[in-house]
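In: Have a look at this prediction, sequence included:
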Amino acid sequence: MIEAEQPLLEGGLTYIAGTIKDGESERMRKMLFRATRGQALTHFRQFEQEGVQKVAYLVVFQAMGKGKDKIQRICDSFMG
């Protein structure tokens, strides 16, 4: 998993990226939408690694106190 060291923009946007198992992207998208009340942008892209289908994800959100920890915990629960 990758986490931004510096905010992307002065507005405080940051991101988290990583990989999950194929088929988990819709469940992750729904959990992030509900947890952030639609304030996180998600992007998913399928790829194959050593014959196994996986999905790379990118979550962009405004850097906020407890919200960042909540998003991080959700992403960690989908480790793939």
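Out: Received the coordinates, thanks.

In: contacts for the helix or strand hosting residue 42?
Out: Assigned by DSSP states H and E, residue 42 belongs to strand 41-49. Strand 41-49 is touched from outside by 22, 25, 28-29, 32-33, 53-61, with contacts defined as Cβ atoms under 8 Å, 6 or more residues apart in numbering. The way it works is simple: take the backbone N, C-alpha and C, and place the C-beta from them, glycine included.

In: try 6 Å this time
Out: Strand 41-49 is contacted from outside by 25, 29, 32, 54-60, using Cβ atoms under 6 Å, 6 or more residues apart in numbering.

In: and these, which are buried?
Out: The neighbour-count test (16 or more other Cβ atoms under 10 Å) marks 25, 29, 32, 54-57, 59 as buried among the contacts of strand 41-49.

In: Determine which two of those residues are furthest apart.
Out: 32 and 54 (18.1 Å; Cβ to Cβ).

In: okay, and for the protein, where does confidence drop off?
Out: Applying pLDDT under 70 to the chain picks out residues 1-11, 64, 80.

In: can you give me the helices for it?
Out: 25-36, 65-77 (DSSP state H).

In: Format the ones you listed as TSV; extra columns: distance to residue 42.
Out: Below are those laid out as TSV (distance: least, Cβ to Cβ, whole Å):
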stretch	distance to residue 42
helix 25-36	5
helix 65-77	10
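
In: Now for residue 24: which residues touch it?
Out: So residue 24 contacts residue 78 (Cβ under 6 Å, 6+ apart).

In: if we can go back for a sec, widest-spaced pair of the contacts of strand 41-49?
Out: Spatial extent of the contacts of strand 41-49 (Cβ to Cβ) is set by the pair 54 and 60 at 20.1 Å.

In: Quick check: the residue most central in space within the chain vs residue 48, distance?
Out: In the chain, the residue lying closest to the centroid (Cα atoms, centre = their mean) is residue 59, at 3.6 Å. According to Cβ to Cβ, to the nearest Å, residue 59 and residue 48 sit 22 Å apart.

In: try residue 76
Out: In terms of Cβ to Cβ, residue 76 sits 24 Å off from residue 48.
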